[in-house]
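*Asks:* Provided below are the primary sequence and the corresponding predicted coordinates.
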Amino acid sequence: MEYELRILDAITDAEPAGFVEEVAAAISADGSWERFIEIRMGAGPTVRITPQNKAGYAVSVDWGSQGGHLNARTLEYAIECADRLAYAFYKMRDAAMIQD
């Protein structure tokens, strides 16, 4: 079963595999892919995926005072990781654990 996006679904299909071509095209053209995803009233995460030579992809998710960075072996995994991290930040904010 494919992972279904929870945050990035606002800008793409429901699975990372359906989004790989778009992100790969942006990386080819610009060297990285970055998007701000508005979740509510101007608030949301900024997600960035950058290739790391042959070592995979660097993933960054920033939302206000929260920031997370990780590495993924494939672009599909990078998209999934970005979404999971953004969703974790969303859930923390939703539970009022983090406030800007």
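*Replies:* Great, that's in hand. Numbers count the residues shown, from 1 in each chain.

*Asks:* please count neighbours and contacts with C-alpha atoms only from this point.
*Replies:* Noted.

*Asks:* just give the number of residues close to Ile7.
*Replies:* For Ile7, the number of neighbouring residues by other Cα atoms under 10 Å comes to 22.

*Asks:* show me what contacts it?
*Replies:* The contact partners of Ile7, taken as Cα atoms under 8 Å, 6 or more residues apart in numbering, are Ile37, Ile39, Asp83, Ala86, Tyr87.

*Asks:* gap between it and Asn53?
*Replies:* The gap separating Ile7 from Asn53 is 27 Å, by Cα to Cα, to the nearest Å.

*Asks:* burial check on Ala43, number of neighbours?
*Replies:* Neighbours around Ala43, by other Cα under 10 Å: 13.

*Asks:* so what pLDDT did the closest residue to Leu8 other than its chain neighbours get?
*Replies:* Nearest residue to Leu8 in three dimensions, chain neighbours excluded: Asp83, at 5.9 Å (Cα to Cα, 6 or more residues apart in numbering). Note for Asp83: predicted pLDDT of 97.

*Asks:* wouldn't Asp83 be in contact with Tyr3 here?
*Replies:* No - judged on Cα atoms under 8 Å, Asp83 makes no contact with Tyr3 at a distance of 9.9 Å.

*Asks:* the two: who's more crowded?
*Replies:* Asp83 (23 against 13).

*Asks:* give the contact list for the residue nearest to the spatial centre of the chain.
*Replies:* By Cα atoms, centre = their mean, the chain has its centre lying nearest to Ala82, at 3.0 Å. Each residue near Ala82 by Cα under 8 Å, 6+ apart is listed here: Val47, Arg48, Val59, Ser60, Val61.

*Asks:* please repeat the previous calculation with a cut-off of 10 Å.
*Replies:* Counting by Cα atoms under 10 Å, 6 or more residues apart in numbering, Ala82 touches 5, 7-8, 45-49, 58-61, 68-72, 76, 88.

*Asks:* out of those, list just those in helices.
*Replies:* Glu76, Ala88 (DSSP state H).

*Asks:* before we move on, the earlier item: sec struct for the residue nearest to Leu8, please.
*Replies:* At Asp83 the chain is in helix, as set by DSSP: H, G, I helix; E, B strand; the rest coil.

*Asks:* would you check that it makes contact with Glu4?
*Replies:* Yes - counting by Cα atoms under 10 Å, Asp83 does reach Glu4; the two are 9.2 Å apart.
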